[in-house]
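A.B. asks: Predicted coordinates and the sequence they were generated for:
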Amino acid sequence: MYNAIIRRQRVEFKIQFKRIPYIPKERSATTTGTQPSPTEHTAFSAYISIYQTNTGKDQTIKFDTIVTNIGNHYNSYSGIFSAPQHGVYVFTWTLHCWSGGHLYTHLVVNARVVGATLTDGRGASGLRSTTGIVVVEVNQGDIVFVRTHPSYDHYDLFSAQDWRSSFSGWKLF
C-alpha cells in the first residue's frame with residue numbers, strides 16, 4: 001500500500017513537472033566557461049595605522065594600511081579610490097576619536113559630497129566611533145575619498161590595533 005502511494009506521488013510530480021515551461025538559463029561565467037574580466041571585481045579595505053591628533057580642515061584622510069585591494073584601485077598614499085568602471089558601489093568608513101575630540105567628515109565623489117558623519121567625543125569619557133555607509137553610482141575614472149569638513153577644526157582621529165579607523169568599498173553591480 002505504501003509503495004502504491006509513493007508511485008502515485010511520483011507520477012503526479014512528473015505530470016506537474018512536465019507542465020512547467022522550459023526557461024533557458026541566462027548566459028553567465030558558469031554557463032559559458034569564461035571568467036569575468038578582472039575589472040568587474042573591485043573591492044578595497046584600508047585602515048589608519050597611526051594616531052593623529054589634529055587632522056586639519058579639508059584634508060583627505062589617508063588610510064595607509066591596505067587589507068584588501070582587489071583591482072588595485074585604492075591608493076594608500078593619496079587616500080583615493082579611482083573607479084575602474086561605471087557602476088553602483090558601496091563605501092563605508094569608520095572613524096574613532098578619543099574623549100574631547102571630534103571629527104566632521106565627508107565621503108566625496110569627485111567634488112560632490114555624498115555622505116557625512118560626526119564623531120563627537122566632547123563631554124564623554126573614552127572612545128567614540130561613527131560609521132557612514134553610502135550606496136552611490138559612479139562613473140569610470142571618478143575618484144572617491146574621505147575628507148575632513150572644510151570649515152571645522154578636527155581633533156583626535158584615533159586608530160590602534162583594537163580600534164581601527166577604516167575605509168572600504170566594493171562594486172555592487
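C.D. replies: Here it is on my side, so go on. Residues are numbered from 1 along each chain as shown.
A.B. asks: Only C-alpha atoms from now on, for both contacts and neighbour counts.
C.D. replies: Noted.
A.B. asks: ok, Gly71 - how many residues close by?
C.D. replies: Look at Gly71: counted by other CA atoms under 10 Å, it has 15 neighbours.
A.B. asks: Settle this for me: it is touching Phe81, isn't it.
C.D. replies: No: assessed by CA atoms under 8 Å, Gly71 is found out of contact with Phe81, at 10.7 Å.
A.B. asks: Please identify every residue contacting each of these two.
C.D. replies: Contact criterion CA atoms under 8 Å, 6 or more residues apart in numbering; residues shared by Gly71 and Phe81: none found.
A.B. asks: which regions of the protein sit below the pLDDT cut-off?
C.D. replies: 1-39, 53 (pLDDT under 70).
A.B. asks: what do you get if the cut-off is 90, keeping everything else the same?
C.D. replies: For the chain, the stretches with pLDDT under 90 are 1-41, 50-56, 97-103, 119-129, 150-163.
A.B. asks: where's Gln85 relative to Phe173, distance?
C.D. replies: 10 Å (CA to CA, to the nearest Å).
A.B. asks: err, Val136, not the other one
C.D. replies: To Phe173, Val136 is 11 Å away according to CA to CA.
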